[in-house]
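>>> Show me how the following folds:
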Amino acid sequence: MCTAIVSVDPASPVPVLLVGVRDEFIDRDWEGPGRHWPDRPGLIGGRDLRAGGTWLAVDPAARRAATVLNGR
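Residues are numbered from 1 along each chain as shown. Presented below is the predicted three-dimensional model:
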């Protein structure tokens, strides 16, 4: 099961914190956060080495983030 944790505290030095855990396939190879997609140079995220995608990514310049969950 994937897990996402979102914390929003406007008074904090880090006002928005987004954490994603990809734990349903513990033996599946992956790379840590980086700029893995040349066609999207601003995107930073972990990369699934089997499918090439990500479960959590941010684009700091666009001030956007996305995470993927398997359920509601």
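>>> ok, Ile26 to Asp39 distance?
Distance of Ile26 to Asp39, given as Cβ to Cβ, to the nearest Å: 29 Å. Yep, even glycine has a C-beta here, placed from its N, CA and C like the rest.
>>> go on, Leu69?
As judged by Cβ to Cβ, Leu69 and Asp39 stand 25 Å apart.
>>> give me the low-pLDDT residue ranges for this protein?
In the predicted model of the chain, residues 1, 71-72 satisfy pLDDT under 70.
>>> repeat that with 80
Under the criterion pLDDT under 80, the flagged ranges of the chain are 1-2, 22-26, 69-72.
>>> quick one: contacts for the residue nearest the centre of the chain?
Most central in the chain under Cα atoms, centre = their mean is Leu56, positioned 1.5 Å from the mean C-alpha point. Neighbouring residues of Leu56 by Cβ atoms under 8 Å, 6 or more residues apart in numbering: Ala4, Leu18, Val19, Gly20, Arg22, Gly45, Gly46, Ala65, Ala66, Thr67, Val68.
>>> Confirm for me that the first one is in contact with Gly20.
Yes. Ala4 is within contact range of Gly20, at 5.1 Å (criterion: Cβ atoms under 8 Å).
>>> out of the two, which sits in the more crowded spot?
Gly20 (21 against 13; other Cβ atoms under 10 Å).
>>> Show the contacting residues for that one.
So Gly20 contacts Cys2, Thr3, Ala4, Ile5, Trp55, Leu56, Thr67, Val68 (Cβ under 8 Å, 6+ apart).
>>> Let me know the secondary structure of it.
When classified by DSSP: H, G, I helix; E, B strand; the rest coil, Gly20 comes out as strand.
>>> That one - nearest residue in space that isn't next to it in sequence?
Leaving aside its sequence neighbours, Gly20 sits nearest to Leu56 (Cβ to Cβ, 6 or more residues apart in numbering; 3.3 Å).
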